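Enquirer: Predicted model and sequence below, questions to follow.
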Amino acid sequence: MTPPDLDRTNALFLDLDGTLLEIAETPESVVVPPGLPQLLDGLRAELGGAVAIVTGRSIGVVDDLLNPFVATAAGEHGASLRWQDGKVEEMPKGLAVPEAWREALVAAADRWPGVLVEHKPHGVAIHYRLVPERGNDVWRLVRALVPQDHPWFRLLPAREAVEIGPRAASKGHAVEQLMQRQPFQGRRPIFVGDDFTDEAGMEAARQFGGQGLRVAEVFDGQPAAVRAWLKRGLELLSSRNAPPAVSAGAAP
Ligand SMILES: O=P(O)(O)OC[C@H]1O[C@H](O[C@H]2O[C@H](CO)[C@@H](O)[C@H](O)[C@H]2O)[C@H](O)[C@@H](O)[C@@H]1O
């Protein structure tokens, strides 16, 4: 499948890791390609503001990574939502994983060199990319901590990681929320993602008459190809907006 040409009726919902950014060995070692913040800013200007980052990262980390671009964003898989006017909503407010779980994960990471714990305001991720052979131990531990029927929290499989986060949060719900307000309302959403948690975002985009694009299927698994598509999209949108060229000698 080839990705669609962007047009002015679109809204963009973009996942970060594995979609806009190449996967790195650790969460901190991702590299933001030069020009990406400016590319996102240009798209936002051409799409009347309708560009959102929908990610598992916290919104604070998104700001650090994409600086100086300050995104409309859903962070922690939809547990927090920042609207275009900068207002942040937490869903549900004040809910964070129990300290005892964080401590158990940190203690395990101390015992298992290479296993990393990433704390977030609502949730926590535990990564085993550096030591894939620890994957089973990590999963056993988180399953013991978080019962399947826990009323508030649930496990989310991630790429060489597993996360514990609020049960009520989902990227699909985040897209639904954003689509109900300007500047997204009434547009045709395109959600681009690479991971299990992105599927709900893609489904929500389809429900609103748009598309969900899987990086593996549409972009050969390459974030660079996603960025190239966005760059072409920006050129297309800007050229359609440009005043018609006047050839020499033509009437003004
Ligand atoms: O929703 P996303 O924007 O795709 O974020 C999902 C998680 O991405 C990060 O972890 C993943 O990327 C790391 C850097 O490339 C990689 O080292 C790790 O193995 C991946 O699981 C991030 O650290 C998490 O907080 C996000 O939830």
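Expert: Alright, I've got the coordinates. Model, not experiment: these values are computed from the prediction. Numbers count the residues shown, from 1 in each chain.
Enquirer: and this protein, which residues reach the ligand?
Expert: 15-18, 23-27, 30, 55-57, 118, 125, 127, 129, 158-161, 163, 195 (C-beta under 6 Å from any ligand atom). C-beta here means a position set from N, CA and C on the backbone, and glycine is covered the same way.
Enquirer: Now do the strand or helix carrying E203, average pLDDT.
Expert: E203 belongs to helix 198-207 when assigned by DSSP states H and E. Mean pLDDT, helix 198-207: 98.
Enquirer: In PDB, please show the C-alpha coordinates belonging to the helix or strand following it.
Expert: Counting by DSSP H and E, the next helix or strand C-terminal to helix 198-207 is strand 211-214. Output in PDB follows, covering the C-alpha atoms of strand 211-214 (Å, rounded to 0.1, in the frame of the first residue of the first chain):
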ATOM      1  CA  GLN A 211      -7.100   5.900   7.800                       C
ATOM      2  CA  GLY A 212      -4.600   4.000  10.000                       C
ATOM      3  CA  LEU A 213      -1.200   3.500   8.500                       C
ATOM      4  CA  ARG A 214       1.100   0.800   9.900                       C
END
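Enquirer: if we can go back for a sec, of the residues of the chain next to the ligand, buried ones?
Expert: The neighbour-count test (16 or more other C-beta atoms under 10 Å) applied to those identifies 15-18, 27, 30, 55-57, 118, 125, 127, 129, 158, 160-161, 163, 195 as buried.
Enquirer: Would you indicate which residues of the lowest-mean-pLDDT helix or strand in the chain are buried?
Expert: When each helix and strand of the chain is scored by mean pLDDT, DSSP states H and E, strand 88-90 comes last, with a mean of 92. For strand 88-90, burial by neighbour count (16+ other C-beta under 10 Å) applies to E90.
Enquirer: Indicate each strand paired with that strand and its parallel or antiparallel sense.
Expert: Take DSSP bridges as the rule and strand 88-90 pairs in its sheet with strand 80-82 (antiparallel).
Enquirer: How far does the strand it pairs with sit from its chain's centre?
Expert: Here strand 80-82 is found 12 Å from its chain centre; the criterion is C-alpha atoms, centre = their mean, to the nearest Å.
Enquirer: what are the bridge partners for R82, then?
Expert: A73, V88.
Enquirer: Thought V88 was touching it, still the case?
Expert: Yes - taking C-beta atoms under 8 Å as the definition, R82 is a contact partner of V88 at 4.8 Å.
Enquirer: what sits in contact with each of these two?
Expert: Both R82 and V88 are in contact with I59, where contact means C-beta atoms under 8 Å, 6 or more residues apart in numbering.
Enquirer: which outside residues touch the helix or strand where A225 lies?
Expert: A225 is part of helix 223-241 when elements are defined by DSSP H and E. Contacts to helix 223-241, defined as C-beta under 8 Å, 6+ apart, come from residues 3, 5-8, 12, 14, 18-22, 33, 36, 39-40, 42-43, 46-47, 192, 215, 219.
Enquirer: Done for today, thanks.
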